[in-house]
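Chemist: Just to be clear, the model below is a prediction. Sequence and coordinates:
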Amino acid sequence: MPKQAAPPSTLFSFLDTTQASTEASLPRRHGTVQVHALSAGHFSLPEEQFVHPSSPSARSTVPSLCFLIQHIATEAGQTITTRIVFDLGLRRDISRYSEPIQRHVATRQPMTTEPDVVASLRAGGLTPDDIHYVVYSHVHWDHVGEPRDFPHSTFVVGHGSLGLLSGLSASGTLRGGHSFFEADLLDPSRTIELSDPTVVAETTVETSRSISPSSSPSSINFNVPWAALGDFPSVLDLFQDGSLFIVDAPGHLPGHINLLARASGDDDCGGGSGGRDKWVYLAGDACHDRRIMRKEREIGEWHDAHDHACCIHADRANAEATIERLRTLEGKGVEVIFAHDVEWENDERNRGRYFGAQGAGEP
Ligand SMILES: [Zn+2]
């Protein structure tokens with residue numbers, strides 16, 4: 001039966017339909033993943049570039065959070081684990097950023113880059129060689145980390161990201177010192193750029209499942225068609241088992257994508273959900289400050305040296321539409337975590353949700 005506390009909504013209809021149909025006929029389509037946070041540096045933000053109103057001198061120290069997603073499937077008696085890291089955070093050695101980015105980094109001090117994402121994986125006993133995929137929410141400097149540390153992983157970016165990196169799609173709307181990119185960031189032979197999310201299959205996730213019932217729950221597939229899910233026009237059901245979705249989250253930067261994960265209730269990483277599976281939404285830079293989510297502040301704007309109006313979001317109207325979808329999602333009980341979510345980091349209940357933290361990942 002549907003959860004009695006769930007309000008009627010398209011997303012919860014999906015969740016509840018999934019649970020009901022799983023019991024009835026699709027037992028392999030009730031997947032979960034393990035979700036752990038990875039600390040990957042801290043830096044300082046001038047508030048006036050992020051929220052309005054603000055004091056011109058106010059600055060906040062924020063984390064660059066990354067996440068380890070582990071999908072474990074059993075097939076023919078064999079356990080198949082797929083590991084994904086979502087974002088790589090700050091580069092440990094900031095002198096290895098390109099020169100324009102280094103100039104911008106100077107405006108974000110004080111900054112700490114240890115532990116970086118590699119040290120945070122090591123705390124839980126993993127190395128970069130254990131990571132099959134690195135998925136970037138987007139290609140801003142504070143999310144791309146050091147790809148050279150992951151020489152065997154496949155990198156996944158949203159549609160339009162490669163154009164940004166190559167400089168081909170730089171436009172007048174991308175103003176501000178944060179909009180510099182490194183053309184040589186990624187190895188093309190190990191990089192997947194997702195297809196255009198505005199080209200959506202004429203099915204929802206539910207119906208697309210019913211027409212491909214034989215796909216293996218263990219095989220990740222970044223080439224499935226974009227489909228609608230609840231309030232989201234475009235998502236990819238990566239394992240075709242409802243455990244992990246890439247969500248198109250337009251507004252912040254071309255190619256900005258998020259993850260929606262069904263975290264197993266058997267793990268502490270589910271955030272004390274008491275044994276029930278819990279939905280966690282990893283929001284990247286869809287929003288930078290929880291006060292905007294609570295409507296206590298608006299998105300900030302500033303003027304550059306040429307008196308051009310700048311915004312941290314390349315497309316403010318689309319960013320606001322994305323934030324509104326996240327407000328709705330939170331209202332339905334889905335946990336939303338931003339990359340720079342200092343309130344989440346400061347909440348003591350989340351301490352055990354970092355990979356390698358005492359008790360993290362244990363049943
Ligand atoms: Zn960003």
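Modeler: Now that the structure is in, tell me what you want to look at.

Chemist: Now do stretch 130-146: distance to the chain's middle.
Modeler: Computed by Cα atoms, centre = their mean, to the nearest Å, the separation of stretch 130-146 from the middle of its chain amounts to 10 Å.

Chemist: May I have that stretch as PDB, with CA atoms only?
Modeler: Coordinates of the C-alpha atoms in stretch 130-146 are reproduced here as PDB (Å, rounded to 0.1, in the frame of the first residue of the first chain):
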ATOM      1  CA  ASP A 130      37.800   1.300  -7.800                       C
ATOM      2  CA  ILE A 131      35.700   4.100  -9.400                       C
ATOM      3  CA  HIS A 132      34.000   3.100 -12.600                       C
ATOM      4  CA  TYR A 133      32.400   6.400 -13.400                       C
ATOM      5  CA  VAL A 134      33.000  10.100 -12.500                       C
ATOM      6  CA  VAL A 135      29.800  12.000 -13.200                       C
ATOM      7  CA  TYR A 136      30.200  15.800 -13.200                       C
ATOM      8  CA  SER A 137      27.200  18.000 -12.100                       C
ATOM      9  CA  HIS A 138      28.900  20.600 -14.400                       C
ATOM     10  CA  VAL A 139      32.300  21.700 -15.300                       C
ATOM     11  CA  HIS A 140      33.000  24.700 -13.000                       C
ATOM     12  CA  TRP A 141      36.400  24.700 -11.400                       C
ATOM     13  CA  ASP A 142      35.200  23.800  -7.900                       C
ATOM     14  CA  HIS A 143      33.500  20.600  -9.100                       C
ATOM     15  CA  VAL A 144      36.000  19.200 -11.600                       C
ATOM     16  CA  GLY A 145      38.800  18.400  -9.100                       C
ATOM     17  CA  GLU A 146      41.800  16.600 -10.600                       C
END
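
Chemist: Show me what counts as buried in that stretch.
Modeler: Counting neighbours by 16 or more other Cβ atoms under 10 Å, one finds that the buried residues in stretch 130-146 are 130-131, 133-146. Glycine gets a C-beta too; all of them are placed from N, C-alpha and C.

Chemist: which one of those residues is nearest P254?
Modeler: Each of the buried residues of stretch 130-146 was scored against P254 by Cβ to Cβ, and H138 proved nearest at 8.0 Å.
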